[in-house]
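Student: Got a predicted structure here, sequence first:
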Amino acid sequence: MSKTELVTAPDPLLLADGRLAVEAWSLDPALRHLNHGSFGAVPLVAQRRQEALRAEMERSPVVWFPALPQRLAATRADLAAFLRVDAADLALVPNASAGASVVYAALDRRGGGEIVVTDHGYGAVTMGAERLARRWGGRVRTARVPLDADEDQAYEAVVAEIGEATELVVVDQITSATARRLPVERIGAEARRRGAATLVDGAHAPGLLAAPLADAAYDFWTGNLHKWGCAPRGTAALVARGPLRERLHPLIDSWGAPDPYPDRFDQQGTLDATSYLAAPTALAFVERSWGWSAARRYMDDLADYGAQVIGAAVTRLTGEDSRVDVGMPVPGMRLVRLPDGLGTTRVEADALRDRVARELDVEAAFTSFDGIGYLRLSAHVYNTADDYEYFAEECVPVLGDWAATGRSAAPGRPRPLRPGPPSSGSAAPRPPRRPA
(Lines give C-alpha, C1' and ligand atoms only; values in the text may rest on other atoms or scores of the structure.)
Protein backbone atom coordinates (compact mmCIF):
# COMPACT_ATOMS: atom_id res chain seq x y z
CA MET A 1 0.00 0.00 0.00
CA SER A 2 1.37 3.42 -0.90
CA LYS A 3 1.36 6.26 1.58
CA THR A 4 -1.48 8.00 -0.29
CA GLU A 5 -3.65 5.02 -1.18
CA LEU A 6 -6.71 4.52 1.03
CA VAL A 7 -8.03 1.04 1.73
CA THR A 8 -11.44 -0.09 2.88
CA ALA A 9 -12.05 -2.48 5.73
CA PRO A 10 -12.28 -6.10 4.55
CA ASP A 11 -15.37 -8.07 5.52
CA PRO A 12 -14.73 -10.34 8.53
CA LEU A 13 -13.98 -13.97 7.84
CA LEU A 14 -16.72 -16.35 8.92
CA LEU A 15 -16.89 -19.99 9.85
CA ALA A 16 -19.02 -22.42 7.84
CA ASP A 17 -21.93 -21.92 10.25
CA GLY A 18 -21.83 -18.12 9.88
CA ARG A 19 -20.10 -17.28 13.15
CA LEU A 20 -17.10 -14.97 13.27
CA ALA A 21 -13.77 -16.73 12.81
CA VAL A 22 -12.72 -15.84 16.36
CA GLU A 23 -15.30 -18.30 17.69
CA ALA A 24 -12.95 -21.09 16.62
CA TRP A 25 -10.39 -19.91 19.18
CA SER A 26 -10.44 -19.78 22.98
CA LEU A 27 -9.16 -16.20 23.11
CA ASP A 28 -10.47 -14.10 26.01
CA PRO A 29 -13.38 -12.00 24.65
CA ALA A 30 -12.61 -9.29 27.22
CA LEU A 31 -9.33 -8.50 25.42
CA ARG A 32 -8.43 -7.27 21.96
CA HIS A 33 -5.82 -9.64 20.50
CA LEU A 34 -3.68 -7.62 18.07
CA ASN A 35 -0.38 -9.44 18.53
CA HIS A 36 -0.63 -12.81 16.85
CA GLY A 37 3.00 -12.57 15.76
CA SER A 38 4.61 -12.96 19.17
CA PHE A 39 3.08 -16.17 20.53
CA GLY A 40 0.42 -17.20 18.05
CA ALA A 41 -3.02 -18.50 18.97
CA VAL A 42 -4.13 -22.13 18.74
CA PRO A 43 -7.60 -22.94 17.37
CA LEU A 44 -9.81 -25.09 19.53
CA VAL A 45 -9.72 -28.01 17.12
CA ALA A 46 -5.92 -28.22 17.47
CA GLN A 47 -6.11 -27.78 21.25
CA ARG A 48 -8.52 -30.70 21.45
CA ARG A 49 -6.34 -32.81 19.20
CA GLN A 50 -3.34 -32.17 21.44
CA GLU A 51 -5.39 -32.96 24.55
CA ALA A 52 -6.46 -36.27 23.02
CA LEU A 53 -2.87 -37.12 22.14
CA ARG A 54 -1.72 -36.32 25.68
CA ALA A 55 -4.47 -38.54 27.09
CA GLU A 56 -3.29 -41.34 24.81
CA MET A 57 0.30 -40.82 25.96
CA GLU A 58 -0.68 -40.93 29.65
CA ARG A 59 -2.87 -44.02 29.23
CA SER A 60 -0.02 -46.16 27.90
CA PRO A 61 3.41 -44.48 27.99
CA VAL A 62 5.27 -47.74 27.39
CA VAL A 63 3.36 -48.16 24.13
CA TRP A 64 3.46 -44.46 23.24
CA PHE A 65 7.15 -43.63 23.35
CA PRO A 66 8.58 -46.56 21.35
CA ALA A 67 6.02 -45.86 18.60
CA LEU A 68 6.62 -42.11 18.63
CA PRO A 69 9.46 -41.86 16.08
CA GLN A 70 7.32 -43.47 13.38
CA ARG A 71 4.43 -41.08 14.10
CA LEU A 72 6.75 -38.09 14.06
CA ALA A 73 8.20 -39.16 10.72
CA ALA A 74 4.68 -39.15 9.25
CA THR A 75 4.01 -35.73 10.79
CA ARG A 76 7.22 -34.35 9.31
CA ALA A 77 5.98 -35.41 5.90
CA ASP A 78 2.76 -33.44 6.41
CA LEU A 79 4.59 -30.33 7.62
CA ALA A 80 7.14 -30.57 4.81
CA ALA A 81 4.30 -30.60 2.28
CA PHE A 82 2.91 -27.41 3.83
CA LEU A 83 6.32 -25.73 3.61
CA ARG A 84 6.92 -27.22 0.14
CA VAL A 85 10.19 -28.90 1.07
CA ASP A 86 11.51 -32.45 1.07
CA ALA A 87 10.64 -34.28 4.29
CA ALA A 88 14.19 -35.70 4.31
CA ASP A 89 15.48 -32.15 4.87
CA LEU A 90 13.16 -31.24 7.77
CA ALA A 91 13.68 -31.86 11.49
CA LEU A 92 11.30 -30.85 14.27
CA VAL A 93 12.50 -28.44 16.98
CA PRO A 94 10.65 -26.49 19.72
CA ASN A 95 11.10 -23.04 18.17
CA ALA A 96 13.21 -21.09 15.71
CA SER A 97 15.70 -20.08 18.41
CA ALA A 98 16.19 -23.77 19.24
CA GLY A 99 16.83 -24.43 15.56
CA ALA A 100 19.49 -21.73 15.53
CA SER A 101 21.03 -23.21 18.68
CA VAL A 102 21.24 -26.62 16.98
CA VAL A 103 23.14 -25.03 14.11
CA TYR A 104 25.48 -23.11 16.40
CA ALA A 105 26.27 -26.28 18.36
CA ALA A 106 27.09 -28.17 15.16
CA LEU A 107 29.59 -25.82 13.59
CA ASP A 108 33.26 -26.62 14.10
CA ARG A 109 35.49 -24.26 15.99
CA ARG A 110 36.96 -21.71 13.62
CA GLY A 111 39.94 -19.84 14.98
CA GLY A 112 39.27 -16.17 14.42
CA GLY A 113 36.17 -16.92 12.36
CA GLU A 114 33.61 -14.17 11.86
CA ILE A 115 29.81 -14.27 11.88
CA VAL A 116 27.72 -11.67 10.04
CA VAL A 117 24.37 -10.63 11.49
CA THR A 118 22.11 -7.62 10.89
CA ASP A 119 20.82 -4.90 13.19
CA HIS A 120 17.31 -6.27 12.56
CA GLY A 121 18.13 -9.68 14.01
CA TYR A 122 16.10 -11.34 16.75
CA GLY A 123 17.88 -10.76 20.06
CA ALA A 124 18.09 -14.38 21.22
CA VAL A 125 19.47 -15.59 17.88
CA THR A 126 21.99 -12.76 17.72
CA MET A 127 23.12 -13.48 21.27
CA GLY A 128 23.66 -17.10 20.28
CA ALA A 129 25.82 -15.96 17.38
CA GLU A 130 27.85 -13.78 19.73
CA ARG A 131 28.39 -16.72 22.07
CA LEU A 132 29.54 -18.89 19.15
CA ALA A 133 31.96 -16.19 18.03
CA ARG A 134 33.44 -16.07 21.53
CA ARG A 135 33.98 -19.83 21.43
CA TRP A 136 35.73 -19.44 18.11
CA GLY A 137 37.85 -16.57 19.34
CA GLY A 138 36.35 -14.55 16.52
CA ARG A 139 33.85 -11.73 16.31
CA VAL A 140 30.41 -10.74 15.05
CA ARG A 141 30.08 -8.16 12.28
CA THR A 142 26.74 -6.32 12.18
CA ALA A 143 25.31 -5.17 8.87
CA ARG A 144 23.33 -1.94 9.25
CA VAL A 145 20.23 -2.06 7.06
CA PRO A 146 18.07 1.09 6.99
CA LEU A 147 14.40 0.43 7.64
CA ASP A 148 13.47 1.87 4.25
CA ALA A 149 16.21 0.01 2.33
CA ASP A 150 14.94 -1.67 -0.80
CA GLU A 151 16.02 -5.15 -1.87
CA ASP A 152 19.23 -4.04 -3.59
CA GLN A 153 20.24 -1.74 -0.72
CA ALA A 154 19.57 -4.42 1.90
CA TYR A 155 21.51 -7.00 -0.09
CA GLU A 156 24.47 -4.69 -0.53
CA ALA A 157 24.51 -3.75 3.16
CA VAL A 158 24.75 -7.39 4.24
CA VAL A 159 27.25 -8.67 1.67
CA ALA A 160 29.50 -5.69 2.38
CA GLU A 161 30.20 -7.28 5.78
CA ILE A 162 31.13 -10.69 4.32
CA GLY A 163 34.89 -11.03 4.23
CA GLU A 164 37.56 -13.68 3.94
CA ALA A 165 37.16 -14.62 7.62
CA THR A 166 33.36 -14.98 7.44
CA GLU A 167 32.24 -18.50 8.33
CA LEU A 168 28.52 -17.92 8.90
CA VAL A 169 25.88 -15.39 7.84
CA VAL A 170 22.74 -15.16 10.03
CA VAL A 171 19.87 -13.25 8.46
CA ASP A 172 16.14 -12.92 9.10
CA GLN A 173 13.67 -13.76 6.38
CA ILE A 174 11.06 -11.62 8.15
CA THR A 175 12.37 -9.36 10.87
CA SER A 176 10.64 -9.41 14.25
CA ALA A 177 11.14 -5.84 15.45
CA THR A 178 10.76 -4.11 12.10
CA ALA A 179 8.28 -6.30 10.18
CA ARG A 180 10.22 -6.29 6.94
CA ARG A 181 11.71 -8.89 4.65
CA LEU A 182 15.36 -9.28 3.80
CA PRO A 183 16.59 -10.73 0.47
CA VAL A 184 17.73 -14.03 1.99
CA GLU A 185 17.82 -15.87 -1.34
CA ARG A 186 20.34 -13.46 -2.86
CA ILE A 187 22.34 -13.18 0.36
CA GLY A 188 22.52 -16.96 0.71
CA ALA A 189 23.68 -17.42 -2.86
CA GLU A 190 26.45 -14.83 -2.46
CA ALA A 191 27.55 -16.24 0.90
CA ARG A 192 27.79 -19.70 -0.64
CA ARG A 193 29.84 -18.33 -3.53
CA ARG A 194 32.27 -16.88 -1.00
CA GLY A 195 32.49 -20.10 1.00
CA ALA A 196 30.38 -19.07 4.01
CA ALA A 197 27.38 -20.95 5.42
CA THR A 198 24.01 -19.21 5.83
CA LEU A 199 21.43 -19.59 8.58
CA VAL A 200 18.05 -18.03 7.78
CA ASP A 201 15.81 -17.17 10.73
CA GLY A 202 12.37 -17.69 9.23
CA ALA A 203 10.52 -17.55 12.55
CA HIS A 204 7.56 -15.60 11.13
CA ALA A 205 7.52 -17.08 7.63
CA PRO A 206 5.40 -20.29 7.81
CA GLY A 207 1.83 -19.34 6.99
CA LEU A 208 2.68 -15.78 5.96
CA LEU A 209 4.74 -16.87 2.95
CA ALA A 210 3.33 -19.60 0.74
CA ALA A 211 6.72 -21.15 -0.04
CA PRO A 212 9.31 -19.69 2.34
CA LEU A 213 12.11 -21.92 1.07
CA ALA A 214 11.57 -21.45 -2.65
CA ASP A 215 14.75 -20.64 -4.59
CA ALA A 216 16.75 -21.19 -1.41
CA ALA A 217 20.53 -21.23 -1.62
CA TYR A 218 21.19 -21.29 2.10
CA ASP A 219 22.40 -24.13 4.30
CA PHE A 220 20.03 -23.84 7.26
CA TRP A 221 16.53 -22.42 7.70
CA THR A 222 14.38 -22.47 10.83
CA GLY A 223 10.80 -21.29 11.25
CA ASN A 224 7.93 -21.44 13.73
CA LEU A 225 4.71 -23.23 12.88
CA HIS A 226 3.11 -21.95 16.09
CA LYS A 227 2.94 -18.36 14.86
CA TRP A 228 0.89 -17.84 11.68
CA GLY A 229 0.49 -21.59 11.27
CA CYS A 230 -1.45 -21.64 14.58
CA ALA A 231 0.08 -24.96 15.66
CA PRO A 232 0.39 -25.68 19.39
CA ARG A 233 3.31 -23.77 20.86
CA GLY A 234 6.65 -25.49 20.75
CA THR A 235 6.37 -26.49 17.07
CA ALA A 236 9.04 -25.40 14.61
CA ALA A 237 10.93 -26.75 11.63
CA LEU A 238 14.66 -26.87 10.96
CA VAL A 239 15.45 -27.39 7.28
CA ALA A 240 19.03 -28.26 6.32
CA ARG A 241 20.51 -28.90 2.90
CA GLY A 242 23.98 -29.80 1.78
CA PRO A 243 26.88 -31.59 3.47
CA LEU A 244 26.73 -29.62 6.73
CA ARG A 245 23.37 -31.08 7.71
CA GLU A 246 24.85 -34.39 8.91
CA ARG A 247 26.55 -32.43 11.70
CA LEU A 248 23.20 -31.43 13.18
CA HIS A 249 22.07 -33.18 16.35
CA PRO A 250 19.26 -32.49 18.84
CA LEU A 251 20.29 -30.40 21.82
CA ILE A 252 19.38 -33.43 23.99
CA ASP A 253 21.11 -36.68 23.07
CA SER A 254 18.97 -39.79 23.15
CA TRP A 255 18.85 -43.30 21.69
CA GLY A 256 18.24 -41.85 18.24
CA ALA A 257 21.67 -40.22 18.18
CA PRO A 258 23.20 -42.79 15.78
CA ASP A 259 20.37 -42.30 13.26
CA PRO A 260 20.89 -40.07 10.21
CA TYR A 261 19.52 -36.54 9.96
CA PRO A 262 16.62 -35.81 10.42
CA ASP A 263 15.54 -39.13 11.96
CA ARG A 264 17.69 -38.59 15.03
CA PHE A 265 15.45 -35.66 16.03
CA ASP A 266 12.38 -37.95 16.24
CA GLN A 267 13.53 -39.78 19.38
CA GLN A 268 14.32 -37.65 22.44
CA GLY A 269 13.42 -39.62 25.54
CA THR A 270 10.26 -38.49 27.29
CA LEU A 271 9.88 -35.19 25.43
CA ASP A 272 6.20 -34.27 25.06
CA ALA A 273 5.89 -34.25 21.27
CA THR A 274 2.12 -33.77 21.14
CA SER A 275 2.54 -30.21 19.85
CA TYR A 276 4.26 -31.62 16.75
CA LEU A 277 1.63 -34.29 16.19
CA ALA A 278 -1.25 -31.79 16.51
CA ALA A 279 0.30 -29.22 14.17
CA PRO A 280 -1.18 -30.64 10.95
CA THR A 281 -4.65 -30.30 12.51
CA ALA A 282 -4.17 -26.54 12.88
CA LEU A 283 -2.85 -26.14 9.34
CA ALA A 284 -5.69 -28.22 7.91
CA PHE A 285 -8.29 -26.21 9.86
CA VAL A 286 -7.28 -22.94 8.16
CA GLU A 287 -7.13 -24.61 4.76
CA ARG A 288 -10.53 -26.24 5.20
CA SER A 289 -12.20 -23.10 6.57
CA TRP A 290 -10.92 -20.45 4.15
CA GLY A 291 -7.91 -21.72 2.25
CA TRP A 292 -4.44 -20.45 3.05
CA SER A 293 -4.27 -18.20 -0.01
CA ALA A 294 -7.51 -16.45 0.94
CA ALA A 295 -6.43 -16.25 4.58
CA ARG A 296 -3.17 -14.54 3.60
CA ARG A 297 -5.01 -12.04 1.41
CA TYR A 298 -7.38 -11.22 4.25
CA MET A 299 -4.56 -10.79 6.78
CA ASP A 300 -2.68 -8.49 4.41
CA ASP A 301 -5.73 -6.37 3.61
CA LEU A 302 -6.61 -6.14 7.29
CA ALA A 303 -3.07 -5.12 8.26
CA ASP A 304 -3.21 -2.38 5.62
CA TYR A 305 -6.49 -1.14 7.04
CA GLY A 306 -5.26 -1.34 10.62
CA ALA A 307 -2.11 0.64 9.86
CA GLN A 308 -4.21 3.22 8.03
CA VAL A 309 -6.81 3.80 10.74
CA ILE A 310 -4.39 3.69 13.70
CA GLY A 311 -1.77 5.73 11.85
CA ALA A 312 -4.35 8.41 11.07
CA ALA A 313 -5.33 8.56 14.75
CA VAL A 314 -1.70 8.99 15.83
CA THR A 315 -1.13 11.64 13.18
CA ARG A 316 -4.19 13.61 14.33
CA LEU A 317 -2.92 13.38 17.89
CA THR A 318 0.70 14.41 17.29
CA GLY A 319 0.51 16.42 14.09
CA GLU A 320 3.34 14.29 12.71
CA ASP A 321 3.22 11.64 10.01
CA SER A 322 3.07 8.25 11.72
CA ARG A 323 3.31 6.20 8.54
CA VAL A 324 6.42 4.06 8.21
CA ASP A 325 8.31 3.46 4.98
CA VAL A 326 9.45 -0.16 5.10
CA GLY A 327 11.66 -1.13 2.19
CA MET A 328 10.45 -4.72 1.75
CA PRO A 329 6.98 -4.98 3.35
CA VAL A 330 5.69 -8.22 4.84
CA PRO A 331 2.25 -9.71 4.22
CA GLY A 332 0.01 -9.32 7.26
CA MET A 333 2.43 -7.18 9.31
CA ARG A 334 2.74 -3.40 9.51
CA LEU A 335 4.43 -0.74 11.64
CA VAL A 336 2.92 2.47 12.98
CA ARG A 337 5.23 5.05 14.53
CA LEU A 338 4.38 5.80 18.15
CA PRO A 339 4.23 9.30 19.66
CA ASP A 340 7.71 10.53 20.52
CA GLY A 341 9.05 9.17 23.78
CA LEU A 342 7.17 5.87 23.77
CA GLY A 343 8.90 2.52 23.40
CA THR A 344 12.26 3.87 22.30
CA THR A 345 14.19 0.84 23.59
CA ARG A 346 13.35 -2.85 23.74
CA VAL A 347 12.90 -2.66 27.52
CA GLU A 348 10.59 0.34 27.23
CA ALA A 349 8.65 -1.30 24.39
CA ASP A 350 8.11 -4.44 26.47
CA ALA A 351 6.98 -2.35 29.43
CA LEU A 352 4.53 -0.52 27.18
CA ARG A 353 3.18 -3.86 25.92
CA ASP A 354 2.56 -4.99 29.49
CA ARG A 355 0.90 -1.76 30.53
CA VAL A 356 -1.41 -1.65 27.51
CA ALA A 357 -2.53 -5.21 28.25
CA ARG A 358 -3.04 -4.45 31.95
CA GLU A 359 -4.78 -1.10 31.67
CA LEU A 360 -6.31 -0.96 28.18
CA ASP A 361 -7.28 -4.62 27.72
CA VAL A 362 -5.37 -4.93 24.46
CA GLU A 363 -2.67 -7.45 23.61
CA ALA A 364 -0.39 -5.53 21.24
CA ALA A 365 3.24 -5.63 20.13
CA PHE A 366 5.52 -2.64 20.61
CA THR A 367 9.02 -2.61 19.19
CA SER A 368 11.92 -0.23 18.77
CA PHE A 369 14.54 0.38 16.11
CA ASP A 370 17.20 3.08 16.03
CA GLY A 371 15.69 4.77 19.08
CA ILE A 372 12.18 5.03 17.62
CA GLY A 373 9.16 3.20 19.05
CA TYR A 374 6.63 1.40 16.89
CA LEU A 375 3.33 -0.40 17.21
CA ARG A 376 3.75 -3.64 15.25
CA LEU A 377 0.51 -4.96 13.80
CA SER A 378 0.28 -8.66 12.98
CA ALA A 379 -3.16 -9.68 11.77
CA HIS A 380 -4.71 -13.12 11.62
CA VAL A 381 -8.02 -14.55 10.44
CA TYR A 382 -9.75 -14.02 13.79
CA ASN A 383 -9.07 -10.27 13.74
CA THR A 384 -11.58 -7.79 12.31
CA ALA A 385 -11.54 -4.14 11.31
CA ASP A 386 -13.33 -3.35 14.58
CA ASP A 387 -10.22 -4.39 16.52
CA TYR A 388 -8.13 -1.69 14.88
CA GLU A 389 -10.87 0.93 14.98
CA TYR A 390 -11.19 0.31 18.71
CA PHE A 391 -7.46 0.77 19.21
CA ALA A 392 -7.49 3.99 17.20
CA GLU A 393 -10.42 5.47 19.12
CA GLU A 394 -9.80 4.20 22.64
CA CYS A 395 -6.09 3.53 23.00
CA VAL A 396 -4.27 6.08 20.85
CA PRO A 397 -5.47 9.06 22.98
CA VAL A 398 -4.24 7.29 26.12
CA LEU A 399 -0.87 6.62 24.50
CA GLY A 400 -0.72 10.33 23.77
CA ASP A 401 -1.30 11.09 27.44
CA TRP A 402 1.42 8.65 28.46
CA ALA A 403 3.86 10.19 25.99
CA ALA A 404 3.07 13.69 27.24
CA THR A 405 3.54 12.78 30.90
CA GLY A 406 6.46 10.39 30.41
CA ARG A 407 4.66 7.57 32.24
CA SER A 408 4.55 4.89 29.53
CA ALA A 409 6.40 2.35 31.66
CA ALA A 410 4.99 3.28 35.07
CA PRO A 411 3.89 0.07 36.75
CA GLY A 412 0.58 -0.54 38.46
CA ARG A 413 -1.09 2.81 37.88
CA PRO A 414 -4.78 2.76 36.96
CA ARG A 415 -5.94 4.02 33.62
CA PRO A 416 -6.85 7.70 34.04
CA LEU A 417 -10.47 8.70 33.62
CA ARG A 418 -11.00 11.25 30.87
CA PRO A 419 -14.09 13.32 30.09
CA GLY A 420 -15.83 13.06 26.76
CA PRO A 421 -17.23 10.35 24.48
CA PRO A 422 -15.50 7.02 23.99
CA SER A 423 -13.80 8.24 20.81
CA SER A 424 -11.80 10.69 22.93
CA GLY A 425 -10.17 7.85 24.84
CA SER A 426 -12.41 7.67 27.88
CA ALA A 427 -12.37 4.77 30.27
CA ALA A 428 -15.95 3.87 29.44
CA PRO A 429 -16.54 0.12 29.43
CA ARG A 430 -15.88 -1.40 26.04
CA PRO A 431 -18.58 -3.44 24.32
CA PRO A 432 -18.24 -7.21 24.32
CA ARG A 433 -15.84 -8.55 21.72
CA ARG A 434 -18.38 -11.04 20.40
CA PRO A 435 -21.89 -12.24 21.28
CA ALA A 436 -22.20 -14.21 24.49
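Tutor: Sure, I can see it. Numbers count the residues shown, from 1 in each chain.
Student: How far does stretch 23-38 stretch from one end to the other?
Tutor: Using C-alpha to C-alpha, to the nearest Å, the end-to-end distance of stretch 23-38 comes out at 21 Å.
Student: Next, the buried residues of that stretch.
Tutor: Glu23, Ala24, Trp25, Leu27, Arg32, His33, Leu34, Asn35, His36, Gly37 (16 or more other C-beta atoms under 10 Å). From N, CA and C alone the C-beta is placed, and that goes for glycine too.
Student: and if you look at stretch 341-353?
Tutor: By 16+ other C-beta under 10 Å, the buried positions in stretch 341-353 come out as Leu342, Gly343, Thr344, Glu348, Ala349, Asp350, Ala351, Leu352, Arg353.
Student: Restricted to helices, list the buried residues of stretch 23-38.
Tutor: His36, Gly37 (DSSP state H).
Student: okay if I get the buried residues of stretch 23-38 as CSV plus distance to Gly123 and pLDDT?
Tutor: Shown next, in CSV, are the buried residues of stretch 23-38 (distance: C-beta to C-beta, whole Å; pLDDT from 0 to 100):
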residue, distance to Gly123, pLDDT
Glu23, 35, 98
Ala24, 32, 98
Trp25, 28, 98
Leu27, 27, 98
Arg32, 26, 97
His33, 23, 97
Leu34, 22, 97
Asn35, 17, 96
His36, 20, 97
Gly37, 15, 95
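Student: quick one: which of the buried residues of stretch 23-38 is nearest Thr281?
Tutor: Ala24 (12.1 Å; C-beta to C-beta).
Student: The closest one and His33, how far apart?
Tutor: Distance of Ala24 to His33, computed by C-beta to C-beta, to the nearest Å: 13 Å.
Student: How far does stretch 206-215 stretch from one end to the other?
Tutor: Per C-alpha to C-alpha, stretch 206-215 runs 16 Å from first to last residue.
Student: follow-up on the earlier one: can you put the buried residues of stretch 23-38 in CSV and add distance to Arg316?
Tutor: Listed next are those as CSV, based on distance: C-beta to C-beta, whole Å:
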residue, distance to Arg316
Glu23, 34
Ala24, 35
Trp25, 32
Leu27, 30
Arg32, 20
His33, 25
Leu34, 20
Asn35, 24
His36, 27
Gly37, 26
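Student: Among the buried residues of stretch 23-38, name the ones in strands.
Tutor: Arg32, His33 (DSSP state E).
Student: any chance you could map the helices in the chain?
Tutor: 36-39, 44-59, 61-83, 96-106, 123-136, 151-159, 184-193, 274-289, 292-318, 346-360, 385-390, 396-405.
Student: Quick one: closest of those to Arg19.
Tutor: helix 274-289 (11.1 Å).
Student: So for the closest one, what gets flagged as buried?
Tutor: Residues of helix 274-289 classed as buried: 274-283, 285-286, 289 (neighbour count, 16+ other C-beta under 10 Å).
Student: Mutual contacts of Ala24 and His33, please.
Tutor: Tyr382 (C-beta atoms under 8 Å, 6 or more residues apart in numbering).
Student: related to what we said a few turns ago, save the buried residues of helix 274-289 as JSON lines, and put in pLDDT and distance to Ala129 too.
Tutor: Output for the buried residues of helix 274-289, formatted as JSON lines (pLDDT from 0 to 100; distance: C-beta to C-beta, whole Å):
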{"residue": "Thr274", "pLDDT": "98", "distance to Ala129": "31"}
{"residue": "Ser275", "pLDDT": "98", "distance to Ala129": "26"}
{"residue": "Tyr276", "pLDDT": "98", "distance to Ala129": "26"}
{"residue": "Leu277", "pLDDT": "98", "distance to Ala129": "32"}
{"residue": "Ala278", "pLDDT": "98", "distance to Ala129": "32"}
{"residue": "Ala279", "pLDDT": "98", "distance to Ala129": "28"}
{"residue": "Pro280", "pLDDT": "98", "distance to Ala129": "32"}
{"residue": "Thr281", "pLDDT": "98", "distance to Ala129": "34"}
{"residue": "Ala282", "pLDDT": "98", "distance to Ala129": "31"}
{"residue": "Leu283", "pLDDT": "98", "distance to Ala129": "30"}
{"residue": "Phe285", "pLDDT": "98", "distance to Ala129": "36"}
{"residue": "Val286", "pLDDT": "98", "distance to Ala129": "33"}
{"residue": "Ser289", "pLDDT": "98", "distance to Ala129": "39"}
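Student: ok, of these, which one's closest to Arg247?
Tutor: Tyr276 (22.6 Å).
Student: what's the nearest residue to that closest one if we skip its chain neighbours?
Tutor: Leu92 (5.0 Å; C-beta to C-beta, 6 or more residues apart in numbering).
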